[in-house]
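Asker: Curious how this folds, go ahead:
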Amino acid sequence: MKRSKRYKELQNGYDKSIKYPVREAIHQVLALASAKFDETIELAVELGVDPRKSDQMVRGSVVLPEGSGKEKKVLVFAEGELQVEAESAGADWVGGDEFIEKIEGGWLECDAIIALPEMMPKIGKLGRILGPRGLMPTPKNGTVTRDIGGAVREVKKGKINFKVDRGGNLHLPIGKASFEGDKLYENFLEVIRAIWSQRPPSASGAYIRGITLSPTMSPGVKVDVNQVRNEII
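Answerer: Numbering: from 1, shown residues only. The predicted model follows:
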């Protein structure tokens with residue numbers, strides 16, 4: 001991949017071989033974030049699992065205690081009184097069949113979709129559209145529920161979903177470059193705890209093998225996994 005001159009200069013500005021304690025890594029990452037927009041701070045985690053095995057598929061969700069720094073647009077599939085509950089909780093769109101038709105027609109302006117269990121048979125046909133984009137409601141992620149209000153508030157507060165990719169890696173945002181270091185630290189630890197809680201019983205050896213933090217437009221900084229493990233266990 002061809003890198004920009006700015007990227008190469010940033011990459012040469014620190015020792016890439018060092019694995020930093022979390023707080024030092026965050027300090028380095030914030031120093032690297034120098035784009036003209038508020039860069040997202042991304043967390044990449046290498047796991048010791050084989051995603052080809054169904055019993056080693058790692059997925060879950062976590063609410064960032066300090067928020068994500070991004071205002072999420074939420075669509076809710078609900079009926080009757082629960083439509084009012086969704087609207088009161090802050091949902092951006094609430095409805096039923098009309099939104100199924102809109103999505104089939106190419107509309108996808110939402111960042112999250114929440115649905116009542118009884119509406120899933122209709123929504124199921126949207127799987128080929130929503131699945132690849134990580135928008136398909138699922139009980140596992142708490143987006144298929146009768147607690148519509150609670151689910152909407154969680155997403156608005158900063159709930160994010162994660163799922164291991166084919167290479168055994170996870171990629172999640174933990175905040176913005178405009179965040180104070182302490183806020184990124186709290187979000188980081190909460191995400192790592194959530195990932196650790198999803199460790200498959202069949203996984204052998206080291207579960208978390210590598211951690212990297214990076215701003216959107218800058219190179220990554222390696223984090224000391226052993227130090228992180230000591231903080232969460």
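Asker: Sketch out the low-pLDDT regions of this structure for me.
Answerer: In the predicted model of the chain, residues 1-14, 233 satisfy pLDDT under 70.
Asker: how about the helices of it, start to end?
Answerer: 5-11, 22-32, 81-89, 97-104, 120-123, 127-130, 148-157, 181-197, 225-232 (DSSP state H).
Asker: As CSV, the ones you listed with distance to L47 and mean neighbour count would be great.
Answerer: C-beta: built from backbone N, CA, C; applies to glycine. Shown next, in CSV, are the helices of the chain (distance: least, CB to CB, whole Å; neighbours: other CB atoms under 10 Å):
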stretch, distance to L47, mean neighbour count
helix 5-11, 25, 13
helix 22-32, 18, 20
helix 81-89, 33, 17
helix 97-104, 32, 14
helix 120-123, 29, 14
helix 127-130, 25, 12
helix 148-157, 24, 21
helix 181-197, 8, 19
helix 225-232, 11, 15
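Asker: Give the full set of residues in contact with the residue of the chain most remote from its centre.
Answerer: When each C-alpha in the chain is compared with the mean C-alpha position (CA atoms, centre = their mean), G80 comes out farthest, at 30.9 Å. If a contact means CB atoms under 8 Å, 6 or more residues apart in numbering, then G80 has no contacts.
Asker: tell me the phi and psi of it?
Answerer: phi 60, psi -140 (degrees, to the nearest 10).
Asker: could you measure the closest residue to K125 other than its chain neighbours against G124, distance?
Answerer: Spatially, and ignoring its direct neighbours in sequence, K125 is nearest to I100 (7.7 Å; CB to CB, 6 or more residues apart in numbering). Distance of I100 to G124, computed by CB to CB, to the nearest Å: 10 Å.
Asker: for A203, same thing?
Answerer: For A203, the distance to G124 - CB to CB - is 31 Å.
Asker: higher neighbour count, these two?
Answerer: Per other CB atoms under 10 Å, whichever of A203 and G124 has more neighbours is A203, with 16 against 11.
Asker: That one against G48, yeah?
Answerer: Yes. Counting by CB atoms under 8 Å, A203 does reach G48; the two are 6.0 Å apart.
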